[in-house]
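In: Next come a sequence and a model predicted from it.
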Amino acid sequence: MSGHSKWATIKHKKGAADKARGKLFAKLIKQVEVAARQGGGDPDTNPTLRTMFQKARDNSVPLDTIWKAVKRGTGEEEGVTYESINYEGYAPGGVAVYVETLTDNRNRTGPEVRALFSKNGGSMAEPGAVAWQFERKGIVVVGGDVEEDDLMLVALEGGAEDITRQGDEWHVTCGPGDTMSVRDAIDAAGIAVASADLTMVPSTLVTIDTTEAAKAILRVIDALDDHDDVQEVYANFDITDDVAAALG
């Protein structure tokens with residue numbers, strides 16, 4: 001994918017193995033609940049909910065648990081009200097970092113996110129300082145054994161914008177509202193989909209060509225990502241193949 005860090009591929013492969021299953025489930029359930037609150041509880045008429053619903057299913061969240069989250073989001077069942085707040089900042093080397101959180105207490109989350117930046121060599125920025133460097137997109141990940149021309153034809157008919165090779169996978173890029181229609185089109189063609197999700201794609205990348213620099217950046221990213229209220233962390237860096245190999 002144009003403008004997308006190789007770290008996203010590395011992180012995708014690590015995925016759930018790097019997190020306790022309970023913490024991963026909690027984040028996914030929050031995303032479902034907030035999507036239902038913002039756009040209604042019907043996945044057929046709420047594209048964001050449908051994407052979050054499928055993301056939860058892809059990660060083996062029980063169906064009953066997902067529907068309970070939907071009902072809390074729509075007010076059919078009592079639950080905590082989560083607020084979506086985004087934070088912006090910089091990792092070492094001027095790398096832009098965009099953090100998405102869902103919180104029930106912004107007075108707790110804001111200072112804690114700021115502390116994570118500063119304690120790990122980064123810095124918090126004012127709203128809007130780095131957001132302009134990212135664009136919301138849908139990403140459908142497909143195994144690399146499919147022919148590019150076959151995937152391209154199907155994906156474009158489903159509403160995709162582009163496909164690119166990322167390691168041993170294909171990443172199909174589309175508008176955020178087209179994510180599930182693209183997934184459905186690929187599925188209907190008999191091509192196995194590994195995942196479908198919403199992401200923030202950076203417009204420019206900072207090349208990281210030393211192990212020391214990469215470790216310093218990843219220290220900030222990992223610390224933020226481990227926070228319970230943080231849903232996603234995006235950054236505009238691109239680790240070179242040699243450095244990625246050295247990191248294991």
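Out: Nice, I can see it.
In: which helix is the longest one in the chain?
Out: Of all segments of type helix in the chain, defined using DSSP state H, the longest is helix 21-39.
In: for it, packing partners?
Out: Helix 21-39 sits against helix 47-58, helix 63-74, strand 95-103, strand 230-235, with contacts defined as 3 or more CB pairs under 8 Å, 6 or more residues apart in numbering; DSSP states H and E. The C-beta positions use only the backbone N, C-alpha and C, and glycine is treated the same way.
In: now for the second one, which elements pack on it?
Out: Here helix 63-74 touches helix 21-39, helix 47-58, going by 3+ CB pairs under 8 Å, 6+ apart.
In: Need those helices in CSV (columns: mean neighbour count and mean pLDDT).
Out: Converted to CSV, the helices and strands packed on helix 63-74 look like this (neighbours: other CB atoms under 10 Å; pLDDT from 0 to 100):
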stretch, mean neighbour count, mean pLDDT
helix 21-39, 19, 90
helix 47-58, 21, 92
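In: how close does the spatially most central residue of the chain sit to His227?
Out: In the chain, the residue lying closest to the centroid (CA atoms, centre = their mean) is Thr199, at 4.5 Å. To His227, Thr199 is 19 Å away according to CB to CB, to the nearest Å.
In: thinking again about what came up before, setting aside sequence neighbours, what's the nearest residue to the residue nearest to the centre of the chain?
Out: Nearest non-adjacent residue to Thr199, counting by CB to CB, 6 or more residues apart in numbering: Ile139, 5.1 Å away.
In: Show me the contact partners of the one helix or strand Pro111 maps to.
Out: Assigned by DSSP states H and E, Pro111 belongs to helix 106-119. Here helix 106-119 makes contact (CB atoms under 8 Å, 6 or more residues apart in numbering) with 83, 85, 87, 89-90, 97, 99, 101, 103, 122-124, 220, 223-224, 227, 229-230.
In: just the buried members of those residues?
Out: Neighbour counting over the contacts of helix 106-119 (16 or more other CB atoms under 10 Å) leaves 85, 87, 89-90, 97, 99, 101, 103, 122, 124, 220, 223-224, 227, 229-230 as the buried ones.
In: Quick check: the farthest pair among those?
Out: Greatest spatial distance among the buried ones among the contacts of helix 106-119 (CB to CB): Tyr90 and Thr103, at 21.7 Å.
In: Looking at the record's assignment, how would you partition the chain?
Out: 6-74, 83-132+205-247, 134-202 (automatic domain parsing).
In: pLDDT of the second one, averaged?
Out: On average, the pLDDT along domain 83-132+205-247 is 95.
In: Kindly check the end-to-end length of that domain for me.
Out: Terminal residues of domain 83-132+205-247 are spaced 36 Å apart (CA to CA, to the nearest Å).
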